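Q: mind folding the following:
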Amino acid sequence: QVQLVESGGGLVQAGDSLRLACAASGLIFSTYAMGWFRQAPGKEREFVAAMARSGGTTDYAISVKGRFTISRDNAKNTVFLQMNSLKPEDTAVYYCAADSNPLITVSRRAAAYNYWGQGTQVTVSS
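A: Numbers count the residues shown, from 1 in each chain. Just a heads-up that it's a prediction; the model follows:
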């Protein structure tokens, strides 16, 4: 079965960096666009970043553009989210997701993604 397992979350101070990883199994990783979403307490899940199957196209939420970088290693079936200059408002559970639709390069819509990880907590203190 398909599994997405996030890691790398934790408690950091404002201005610090974290690198999240999402290891995928049970799927042909290179055929899936990958995305990162987050959900803060009391808020809806929101798009953070996405990367196309080949890695050639990326998209970012305006709130993280210039601070976060998504990347992928298709040989290791892993997608990463490098988060720099973290702010308290970045505090959330971060989820990775996989999208198999070959007609969509990258998507900001959670409904477009077929598979989801269990999430990893990121807490940024001020």
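Q: what pLDDT does the residue positioned nearest the centre of the chain get?
A: With distances taken as CA atoms, centre = their mean, the chain has residue 36 as the residue nearest its mean C-alpha position (2.1 Å). On pLDDT, residue 36 comes in at 98.
Q: next, it: secondary structure please.
A: What DSSP: H, G, I helix; E, B strand; the rest coil gives for residue 36 is strand.
Q: list the residues that contact it.
A: 20, 22, 48, 49, 50, 70, 79, 81, 94, 95, 96, 97 (CB atoms under 8 Å, 6 or more residues apart in numbering). In this view, the C-beta of every residue, glycine as well, is placed from N, C-alpha and C.
Q: change it to 6 Å
A: By CB atoms under 6 Å, 6 or more residues apart in numbering, the residues touching residue 36 are 48, 49, 81, 96.
Q: same question, residue 81
A: 20, 36, 70.
Q: list just the nearest of those residues to residue 126.
A: Taking CB to CB as the measure, residue 126 lies nearest residue 20 of these, at 20.7 Å.
Q: for residue 2, see how far away the nearest residue to residue 18 once chain neighbours are set aside is.
A: Take residue 18 and drop its neighbours on the chain: the residue closest to it by CB to CB, 6 or more residues apart in numbering is residue 83, 4.9 Å away. Per CB to CB, to the nearest Å, residue 83 is found 25 Å from residue 2.
Q: more neighbours: those two, which one.
A: residue 83 (26 against 13; other CB atoms under 10 Å).
Q: for this protein, which segments count as strands?
A: Applying DSSP state E to the chain gives strands spanning 3-7, 10-13, 18-25, 33-39, 46-51, 58-60, 68-73, 78-83, 92-99, 115-116, 120-125.
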